[in-house]
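Student: okay, structure incoming, though there's no sequence with it:
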């Protein structure tokens, strides 16, 4: 009995991690862009969606491996174009204008995709090496009997953890990261010190878009690929950012996996599952208005 | 004075609106959205707080009206009163949670909590709301056994829109309205003068939610059916788009925006087919980038340009003489 309970809990944790993985990746980009540029990107879900569509197309023509290399790169470029071509003109305008213009962009991307690919879900076949199941009980001695999990979902969890680790390493151990972190604290001070943060901020925007692209390419086979998916994932990702604390990268990771777990463990009460993330958000906001790891002074007037 | 102009335009709509290609009933819909948009302007235009969750108030109110008509009585009075009460309570709760921090925070959270109501309507409340199918099979609404259809609904909506516009203008010109505008221009300064800013923000939020609830309720009276779309974020998005297109903070602008948007959606879309929303998105982006004051600012600029040209002409003439 206790063995089957361990199995059950273990599988729920995996499902929670897998659900959380996509939220974490989208929320990381959101909070990175917000923290550095002060812009709330309502088009971030659209970037995630673009990643998924590009992955389907490229995987269909050139194979999946090409897709997972090309898509993050493409999104990086798109992110930089978006920052240089649109967002930078909004740094000196009210925050509401930034939200409005990215919201407009999100609609344009969504409707363009709908126009080209139709409103329905397009199939995203898994590569041959990514299909099937992993027999977890062969590796993990504490599991009893037969415990298996879809291989692709394990890959998704792995990829998101690697991406998180890479991003933190980049920010923690490089000079670029040092400047970006300093910029998140006080960008004005950096300007006074004569550091060109504008160029680096364009790269930060590109990075955020790139991470959304990774989420799209690896998450696409698990989620649906339709023109609504961007907004569907943007809303929970916003909650992740708020629960984690605006502008806090570790907070986004923590909150993303936490929400994944909340959804996963409430699965047996199916009606509650649909609104569990909002309930968690309400509780966190009442108890800790700044979010779990939010810092004082961010987003406070 | 503007109220009288609006009253004349609104009340004569059934006569001139078909001439520009509007079908019967679209004028009613436009005025319902106009009520929704006026209320929204009290929040966005006055205080500068951009909500992406007003579909929740519109939708919840529509569901309450629908349920009242279905289970209590086909009389619209109790249905509308119940809708406004329920929406007000919800608005106070949502406002309390979302208005705690800056404006960006507010936009994100209203979007999220708005979606909570959508998710809830389709899951835990689906036995009441009819789930994905929406709430159907409603009786024809009536007022003291006078059935509400076509023209009756139009005049009810038109009268409420005129009253709504009048009240909004009164609010805008009152000391309370000045306070709301002060929130937009410099909240910190307002706080330092010892005022409870939160109270003003919450009041504006609740007032706009009441307008949303009247609009949502009227939508069900106009067409006795509650679509799940009413609570969906796209309804909030539509409201934001029409307000910005028309001109935020002008009260009249958002109503023009509402008329434009519905005209675009229902009449012009015939020429653009499926891509009308794409075109609208592009128009919206264009306005946000180049004309943040919307149509109203556009009209003012045009007027000034014409006046300016005339002025330049006079000036040069004066110089040459």
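Tutor: The structure has been received and is ready for your questions. This one's a predicted model, so the numbers in the text were calculated from it and none came from an experiment.

Student: centre of the chain versus stretch B:79-95, how much separation?
Tutor: What separates the centre of stretch B:79-95 from the centre of its chain is 16 Å, taken as C-alpha atoms, centre = their mean, to the nearest Å.

Student: could you see whether chain A lies near it?
Tutor: No - applying C-beta under 8 Å from any C-beta of the partner chain, one finds that stretch B:79-95 is not in contact with chain A, the shortest distance being 9.3 Å. All C-beta atoms are positioned from the backbone trio N, CA, C, and that covers glycine.

Student: what about that stretch, average pLDDT?
Tutor: Taken as a whole, stretch B:79-95 has a mean pLDDT of 96.

Student: list the buried residues of that stretch.
Tutor: Of the residues in stretch B:79-95, those with enough neighbours to count as buried (16 or more other C-beta atoms under 10 Å in any protein chain shown) are B:79-80, B:82-84, B:86-88, B:90-91, B:94-95.

Student: do stretch B:278-288 as well
Tutor: B:278-282, B:284-285, B:287-288.

Student: mind putting those residues in a markdown table, pLDDT and secondary structure included?
Tutor: What follows is the buried residues of stretch B:278-288, written out as a markdown table (pLDDT from 0 to 100; DSSP: H, G, I helix; E, B strand; the rest coil):
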| residue | pLDDT | secondary structure |
| --- | --- | --- |
| B:278 | 92 | helix |
| B:279 | 92 | helix |
| B:280 | 92 | helix |
| B:281 | 93 | helix |
| B:282 | 94 | helix |
| B:284 | 95 | helix |
| B:285 | 95 | helix |
| B:287 | 94 | helix |
| B:288 | 93 | helix |
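
Student: which one of these is nearest residue B:102?
Tutor: Distance from residue B:102 was checked for each of the buried residues of stretch B:278-288 by C-beta to C-beta. The minimum falls on residue B:288, at 19.9 Å.

Student: so that closest one touches residue A:97, yeah?
Tutor: Yes - counting by C-beta atoms under 8 Å, residue B:288 does reach residue A:97; the two are 6.3 Å apart.

Student: could you measure from residue A:138 over to chain B?
Tutor: Taking C-beta to the nearest C-beta, to the nearest Å as the criterion, residue A:138 is separated from chain B by 38 Å.

Student: now do that residue: how many residues are near it, please.
Tutor: Using other C-beta atoms under 10 Å in any protein chain shown as the criterion, residue A:138 is surrounded by 11 other residues.

Student: OK, contacts around it?
Tutor: If you count contacts by C-beta atoms under 8 Å, 6 or more residues apart in numbering or on different chains, residue A:138 has none.

Student: could I get the pLDDT score of it?
Tutor: Reported pLDDT for residue A:138: 79.

Student: name the residues of the stretch 101-250 of chain B found near chain A, please.
Tutor: Within the stretch 101-250 of chain B, the residues that sit near chain A (C-beta under 8 Å from any C-beta) are B:101-105, B:107-109, B:111-113, B:115-116, B:119-120, B:122-124, B:126, B:187-188, B:233, B:237, B:240, B:244.

Student: so what's residue B:140 up against?
Tutor: For residue B:140, the residues meeting the contact criterion (C-beta under 8 Å, 6+ apart) are B:74, B:147-149, B:224.

Student: just residue A:241 next, same as before
Tutor: By C-beta under 8 Å, 6+ apart, the contact list for residue A:241 reads A:27, A:30-31, A:34, A:252, A:255, B:108.

Student: can you do 6 Å?
Tutor: When contacts are counted by C-beta atoms under 6 Å, 6 or more residues apart in numbering or on different chains, residue A:241 is found next to A:27, A:30-31, A:252.

Student: name the nearest of those relative to residue A:263.
Tutor: Within the set of the contacts of residue A:241, residue A:27 lies nearest residue A:263; the separation is 14.5 Å, counting by C-beta to C-beta.

Student: excluding chain neighbours, give the residue nearest to residue B:37 in space.
Tutor: Across the structure, with C-beta to C-beta, 6 or more residues apart in numbering or on different chains as the measure, the residue nearest residue B:37 apart from its sequence neighbours is residue B:254 (3.7 Å).

Student: and what of residue B:264?
Tutor: Nearest non-adjacent residue to residue B:264, counting by C-beta to C-beta, 6+ apart: residue B:280, 6.1 Å away.

Student: ok, the residue nearest to residue B:37 to residue A:93 distance?
Tutor: Separation of residue B:254 from residue A:93 (C-beta to C-beta, to the nearest Å): 20 Å.

Student: which of the two has more neighbours?
Tutor: Shown here are residue B:254 and residue A:93; by other C-beta under 10 Å, residue B:254 has more neighbours (34 against 14).

Student: check what pLDDT that one gets.
Tutor: Taken from the predicted model, the pLDDT recorded for residue B:254 is 94.

Student: where does pLDDT dip in the chain?
Tutor: Because you didn't say which chain, this covers chain A. Scanning chain A for pLDDT under 70 picks out the ranges A:1-3, A:296-301.

Student: that's the other chain; I wanted chain B
Tutor: Filtered on pLDDT under 70, chain B yields the residue ranges B:309-321.
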